[in-house]
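Student: Here is my input; please provide its structure:
(one chain, ligands or ions: 2)
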Amino acid sequence: MSDTITSDLVLFWHRRDLRLSDNQGLHAAFERSEKVIGVFCLDPHLLNADDVAPARVSYMLGCLRELATSYRTLGSRLLVVQGDPIATLPTLAIAVGASAVYWNRDVEPYARQRDREVAAELRDRQISVEAGWDQLMHIPGAIRTSTIDSKPYTVFTPFRKNWSRQPQTDPVPSPTRAIDLTPAELQSAQQAGTIEIPSDGALGIEWNGGFPIAPGEAAAKAKLKQFVADAIFRYHTDRELPSVVGTSGLSAALKFGAIGIREVWQATHQAAKGCRNDVAASDGVRTWQDELIWREFYQTVLYFFPALADGPYREMWQDFPWENDRRKFQAWCDGRTGYPIVDAAMRQLKETGWMHNRCRMIVASFLTKDLCIDWRWGERYFMQHLVDGDLAANNGGWQWSASSGMDPKPLRIFNPTTQGKKFDPDATYIRKWLPEIRTLETKRIHGGGLTPLEAQSYGYVTPIVDHTVQQKRFKEIYKQQKEKYS
Ligand code: FAD
Ligand code: FO1
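Tutor: Ligands and ions are numbered 1, 2, ... in the order given. Now for the predicted structure:
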């Protein structure tokens, strides 16, 4: 801590950094004062959005409960307010006599607008605002092309190369103690509308599907530790198999900042050191690091190209003649397309709030290319269910799958049958999520070919479309659309 430390009352506004450790903004707040009080604003704009997932809000509330306990252990507290942050934050800051409000910046368009308005309200009231970056290893703008006009990248591979050349930052230390509100300040905070962290039910949330990772900082640290000690070394191969727990399960923790990215990156370095002479294990570590860089890439491009949030990056996709058949869409949502790998994945999503990455790509390709449905329908449905639903990663994944994004490959079409055979060869994953065909021979699960009568007797369905036909049709529509724009 610096020499100029004061005992001013400083608020730290948490949003998607629900932790005390490796938190750059919180660390900066503690550099200024020992009296740092946490605040979280339950924001109706986010909580009542039509693409909010019960699993995600439930996970977030769990993180908040743990965070509140951590603040108490530190000697301070987490205040919770409810309402538009543009009004509630300044009201609270005035009521408790805060000299400054600190927070970590975000790349999402809503966050940027919200933060500008909150900052203006606070400054109008002579309360200082300190907003820096935390959720990325390298801040937007740090990674640019080496051309004279030094632009942000739009393609992953050169972004990754440049990213990897940058010096890596270490985690910042955690605060060790803090000064709490006085009873008078606490009373003022209560008068300004602070509330207890609500139960899920009080927010109208009902989620009984469990989580891939328990909410909170402690669980995220434990999961990271476990992953980098073992599964990371097989990640390059195991990550392709949805029946194997071969990935970290850290996505919800990374989305809500239950763990800091510098801490995660440092752990990968330790893992890499431990397997220097083992080519396969090193491959595992490098492949996982690449996924973390994909996360940074999508956040960075969203920051520089906010229009991505609303529509396709490539012009020819702006008026693409999607067919948008509602019955087909419903069959996709319900996991009743007759393509077992697609249906298993969609059931996994609905039941657990999480889906394996390989399956996210398969179902996204199927929705867009086989069913000719606008990728934004799928993007929204994913957000309505995913515990890790994140605008940048989800939009990036959907645009990649739809071929409408920055990815240079012109058209990508997955064959759902081949994908199923290749990545779930003995149909373990399919059997887990599609109990109605559990007893079928593997060959028949992958080969399809159930007669309508058989399908009915199993309580399953025959394919709603023929992949070979649809692929051909889609290529034709694509060709015409391309010509229109050439
Ligand atoms: P791991 O394999 O252990 O990866 C580690 C971390 O890297 C992840 O937790 C995540 O933070 C990041 N990551 C991994 N893959 C990607 C990727 N392709 N793009 C960006 N970040 C990545 N990820 C989300 O976090 N939220 C989403 O809403 C989301 N939607 C997706 C939609 C589609 C159509 C596709 C194809 C992918 C999507 N992904 C999304 C990326 C990926 O599927 C998940 O991050 C991953 O499955 C989460 O599991 P994990 O934590 O075990 O990942
Ligand atoms: N952040 C908040 O500060 N308040 C909320 O009420 C809130 C709800 C929420 C629900 C779903 C979700 O995916 C994220 C949520 N977040 C919330 C975090 C949100 O990602 C950040 O606030 C972003 O900065 C918004 O753009």
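
Student: and I148, what is it in contact with?
Tutor: Residues near I148 by CB atoms under 8 Å, 6 or more residues apart in numbering: none. In this view, the C-beta of every residue, glycine as well, is placed from N, C-alpha and C.

Student: again with the one 3 residues further on
Tutor: Contacts here follow CB under 8 Å, 6+ apart; on that basis K151 touches R144, T145.

Student: same deal with A93?
Tutor: L11, V101, L122, R125, I127.

Student: from memory the first one sits against G97, does it?
Tutor: In other words, L11. No - using CB atoms under 8 Å, L11 is not in contact with G97; the gap is 10.3 Å.

Student: Those two: which is more packed in?
Tutor: Neighbour totals were compared for L11 and G97, and L11 leads with 23 against 14 (other CB atoms under 10 Å).

Student: Could you find the closest non-adjacent residue to whichever residue of the chain sits closest to ligand 1?
Tutor: Taking CB to the nearest ligand atom as the measure, the chain has G397 as its residue closest to ligand 1, at 2.4 Å. For G397, ignoring the flanking residues on the chain, the nearest one in space by CB to CB, 6 or more residues apart in numbering is R360 at 6.0 Å.

Student: Make a PyMOL selection of whichever of the contacts of A93 turn out to be buried.
Tutor: Selection of buried members from these for PyMOL, criterion 16 or more other CB atoms under 10 Å:
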select buried, resi 11+101+122+127
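
Student: returning to that earlier point: check what pLDDT the residue of the chain closest to ligand 1 gets.
Tutor: pLDDT for G397: 97.

Student: how many neighbours does it have?
Tutor: There are 22 residues near G397, going by other CB under 10 Å.

Student: hang on, isn't it packed against S365?
Tutor: No - the criterion here is CB under 8 Å, and G397 misses it with S365 at 10.9 Å.

Student: Distance of the residue of the chain closest to ligand 1 relative to V285?
Tutor: Going from G397 to V285 by CB to CB, to the nearest Å gives 23 Å.

Student: Looking only at residue counts, what's the top helix in the chain?
Tutor: For the chain, the helix with the greatest residue count under DSSP state H is helix 279-304.

Student: and it, how far out from the chain's middle?
Tutor: Distance of helix 279-304 from the chain centroid (CA atoms, centre = their mean, to the nearest Å) equals 14 Å.

Student: same question, stretch 139-154
Tutor: Using CA atoms, centre = their mean, the offset of stretch 139-154 from its chain centre is 24 Å.

Student: ditto for stretch 448-460
Tutor: Going by CA atoms, centre = their mean, where stretch 448-460 is centred and where its chain is centred differ by 37 Å.

Student: mind listing what's buried in the longest helix of the chain?
Tutor: 281-285, 288-290, 292-303.

Student: does any bit of that helix sit next to ligand 1?
Tutor: Yes - Helix 279-304 lies within reach of ligand 1 by CB under 6 Å from any ligand atom, at E291, L292, W294, R295, Y298.

Student: and that helix, what does it pack onto?
Tutor: helix 156-165, helix 235-238, helix 261-273, helix 391-402 (3 or more CB pairs under 8 Å, 6 or more residues apart in numbering; DSSP states H and E).

Student: Please identify the deepest-packed of these.
Tutor: The highest mean neighbour count among the helices and strands packed on helix 279-304, using mean count of other CB atoms under 10 Å, belongs to helix 391-402: a mean of 23.

Student: residues in contact with it?
Tutor: Everything outside helix 391-402 that qualifies as a contact, by CB under 8 Å, 6+ apart, is 107-108, 251, 255, 294-295, 297-299, 301-302, 308-309, 312-313, 317, 360-361, 364-365, 368, 375-376, 378-379, 382-383, 386, 405-407, 412.

Student: what angle do that helix and helix 279-304 make?
Tutor: 110 degrees (axes from the mean of the first three to the mean of the last three CA atoms, to 10 degrees).

Student: what's the next secondary structure element after helix 391-402?
Tutor: Next helix or strand after helix 391-402 toward the C-terminus (DSSP states H and E): helix 416-423.

Student: Give the buried residues for that following helix.
Tutor: Buried residues in helix 416-423 (16+ other CB under 10 Å): P416, T417, Q419, G420, K421, F423.

Student: Just give me the neighbour total for I213.
Tutor: I213: 23 neighbours (other CB under 10 Å).

Student: Angles on the backbone of it, please.
Tutor: Per-residue torsions, I213: phi -150, psi 140 (degrees, to the nearest 10).

Student: and it, what is it in contact with?
Tutor: I213 makes contact with A219, A220, K223, G249, L250, A252, A253, according to CB under 8 Å, 6+ apart.

Student: Adding neighbour count, write the residues you listed out as JSON lines.
Tutor: Formatted as JSON lines, the contacts of I213 follow (neighbours: other CB atoms under 10 Å):
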{"residue": "A219", "neighbour count": "21"}
{"residue": "A220", "neighbour count": "30"}
{"residue": "K223", "neighbour count": "19"}
{"residue": "G249", "neighbour count": "19"}
{"residue": "L250", "neighbour count": "20"}
{"residue": "A252", "neighbour count": "28"}
{"residue": "A253", "neighbour count": "30"}
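
Student: No further queries at this time; thank you.
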